[in-house]
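> Would you be able to build a 3D model of this:
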Amino acid sequence: EVSRHTSPPMAAWQGCEARKFSSASEQAVGNLGGNAQRTRHMFECGASRNALSEEVIRADEGMRMIKRSVEQRADDGYIVDSLGWAYYRLGNMEEAVKQLERAVELKPEDPTINDHLGDAYWRVERMLEARFQWSHARDLKPEPEDLVKIEAKLKSGLRDDTGPAAAPAEHN
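Reported below is the predicted structural model:
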């Protein structure tokens, strides 16, 4: 069983029946390089959360894929979170906050989504709201390794060198 506190592991996608991509989508996935096969499989299974956003964050077509997922599953908090986190990683904090607020409305019980919103609030200098979101994320019982990161943010906030341009490749 997949924990609700972490990004879905690859095992959750392995049993998924893959749909065929159109030739345009196939070309776009090919342009992502590296792990295109894995990315295509995750996307076809509807698993767009952080794993997919990390795979496609630098590709324009990747962003379009995430947006398409949101259009198709607008009420899926994990997919909306992926879009918000992609905007965060690209430095578009206004849009990141908008999407992450919506993701939290859709999945208020998810510690990762609350943590992401806290990070975005911090970047737009809404420190009180950031700390509230991080506190809420902590109270939702995240995975132990995520709890350590959240508690550090509650103590010290985000450092300047952890902004979107320097955001870690592996964020909960």
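> Just the buried positions in stretch 149-159, please.
149-150, 153, 157-158 (16 or more other CB atoms under 10 Å). From N, CA and C alone the C-beta is placed, and that goes for glycine too.
> ok, now stretch 118-127?
Within stretch 118-127, the residues that count as buried by 16+ other CB under 10 Å are 118-123, 126.
> quick one on the thing from earlier: ok, of the buried residues of stretch 149-159, which one's closest to residue 63?
Ranked by distance to residue 63 (CB to CB), the buried residues of stretch 149-159 are led by residue 158 at 23.3 Å.
> how close does the closest one get to residue 150?
Applying CB to CB, to the nearest Å, one obtains 11 Å for the distance of residue 158 from residue 150.
> Now list whatever residues contact both of the two.
By CB atoms under 8 Å, 6 or more residues apart in numbering, residue 158 and residue 150 have no common neighbours.
> Residue 138 and residue 144: what is the separation?
12 Å.
> where in this protein is pLDDT low?
1-59, 161-172 (pLDDT under 70).
> Looking at residue 138 and residue 144, which one has more neighbours?
Counted by other CB atoms under 10 Å, residue 138 and residue 144 do not tie: residue 138 has more neighbours, with 19 against 8.
> Quick check: nearest residue in space to the more buried one, chain neighbours excluded?
Excluding its sequence neighbours, the residue lying closest to residue 138 (CB to CB, 6 or more residues apart in numbering) is residue 150, at 4.9 Å.
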